[in-house]
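> Here you go, sequence then predicted model.
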Amino acid sequence: MWNKRLNILGCSLLSLLMVPEVFAHGVAHQDQGFLSSASGVHFAPYMYLGAKHMVTGYDHLLYLAGVVFFLGKLRDITLFVSLFALGHSITLLLGVLTSVHINPFIIDAIIGLSVSYKALENLAAIRFFDPKIMVFTFGLAHGFGLSSKLQYLSLSNDGLVTNMLAFNLGVEVGQVLALVLLYLGFTWLRRQPDFHSHARGVNLLLFAAGLTLFGMQTVGYFLS
């Protein structure tokens, strides 16, 4: 039964990765139109779009799933997620407000590797640095991934700082909502028989999904 569920989960992840509209840190076309034309402060819409980006950004969710997979205490989850959010916020705001730019294919390839790295860390296959340092570092990469997409939209400078703070606040709100679901799901999973066997299967799927994302972005870089 579990093998069948893991197969379904794996197929779903791969199918999701193949959908162009949600191609890592993508911004929906209707949202691009609003972001490109908006001028002045739009706190609530930007906050909504930040939350929407988080709950539909599968690369964020895959990485966070790996981060909290073995964390059973809320104190630990809060610490790790706060480190990720700090790194993400720094580069998101820095990238948009100072126009520091990194090729989106390169940064999204790194984000794919972050998912695979975390899965391998969970499988006790590698551990280069303290996990807290890695989570903060990969948070920086994820923030740059989003800022690189927003920079292509030529956002108006009128109200930009307030709008980006609202967007970032929305990202954190969306992250909390996603984490609640992940926490409930993994708490249930930890209570199941043969949890460690299931944990291996889930993390192998995370590794494969991250590697697929890395490969797709690398190909995109050389073809662009």
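Alright, I've got the coordinates.
> contacts and neighbour counts: CA atoms only from here.
Fine.
> And the helices in this structure, which stretches?
Listed in chain order, the helices of the chain (DSSP state H) span 2-17, 29-37, 43-56, 58-68, 74-98, 104-122, 131-151, 160-190, 195-223.
> for those helices, which one ends up most surrounded?
For those, the largest average neighbour count (mean count of other Cα atoms under 10 Å) is found in helix 104-122, namely a mean of 24.
> How far does it sit from its chain's centre?
10 Å (Cα atoms, centre = their mean, to the nearest Å).
> can you check stretch 77-92 too?
The answer for stretch 77-92 is 11 Å, by Cα atoms, centre = their mean.
> Return it as CSV; C-alpha atoms alone will do.
C-alpha atoms of stretch 77-92 as CSV (Å, rounded to 0.1, in the frame of the first residue of the first chain):
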residue,chain,number,x,y,z
ILE,A,77,10.9,24.0,13.5
THR,A,78,10.6,27.6,14.5
LEU,A,79,14.4,27.9,14.7
PHE,A,80,15.1,26.3,11.3
VAL,A,81,12.3,28.0,9.5
SER,A,82,13.3,31.4,10.9
LEU,A,83,16.8,30.9,9.6
PHE,A,84,15.4,30.1,6.2
ALA,A,85,13.0,33.0,6.3
LEU,A,86,15.8,35.4,7.3
GLY,A,87,18.0,34.4,4.4
HIS,A,88,15.1,34.5,2.0
SER,A,89,14.0,37.9,3.1
ILE,A,90,17.5,39.4,2.9
THR,A,91,18.1,38.4,-0.8
LEU,A,92,14.5,39.0,-1.9
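> What lies in contact with that stretch?
Residues outside stretch 77-92 that contact it (Cα atoms under 8 Å, 6 or more residues apart in numbering): 64, 67-68, 71, 132, 135-147, 168, 172.
> And Leu64, how close does it get to Phe84?
Leu64 sits 9 Å away from Phe84, going by Cα to Cα, to the nearest Å.
> Quick check, central residue of this protein?
His60 (1.2 Å; Cα atoms, centre = their mean).
> can you pull the contacts of it?
Residues near His60 by Cα under 8 Å, 6+ apart: 54, 142.
> circling back to that earlier point, dump the helices of the chain to a markdown table, plus mean pLDDT.
Output for the helices of the chain, formatted as a markdown table (pLDDT from 0 to 100):
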| stretch | mean pLDDT |
| --- | --- |
| helix 2-17 | 55 |
| helix 29-37 | 77 |
| helix 43-56 | 87 |
| helix 58-68 | 91 |
| helix 74-98 | 89 |
| helix 104-122 | 94 |
| helix 131-151 | 90 |
| helix 160-190 | 89 |
| helix 195-223 | 92 |
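> how much space between Asp31 and Asp158?
Counting by Cα to Cα, the gap from Asp31 to Asp158 is 18 Å.
> do Leu204 as well
Between Leu204 and Asp158 the computed distance is 46 Å (Cα to Cα).
> Surely Asn203 is in contact with Val68?
No: using Cα atoms under 8 Å, Asn203 makes no contact with Val68, being 11.7 Å away.
> need the contact list for Met54.
60-61, 171-172, 174-175.
> Please disregard the earlier target; I meant Arg200.
Listed by Cα under 8 Å, 6+ apart, the contact set of Arg200 reads Leu123.
> How about the one 10 residues further on?
Under the criterion of Cα under 8 Å, 6+ apart, the neighbours of Gly210 are 111-116.
> how about a cut-off of 6 Å?
Going by Cα atoms under 6 Å, 6 or more residues apart in numbering, Gly210 touches 112-113, 115-116.
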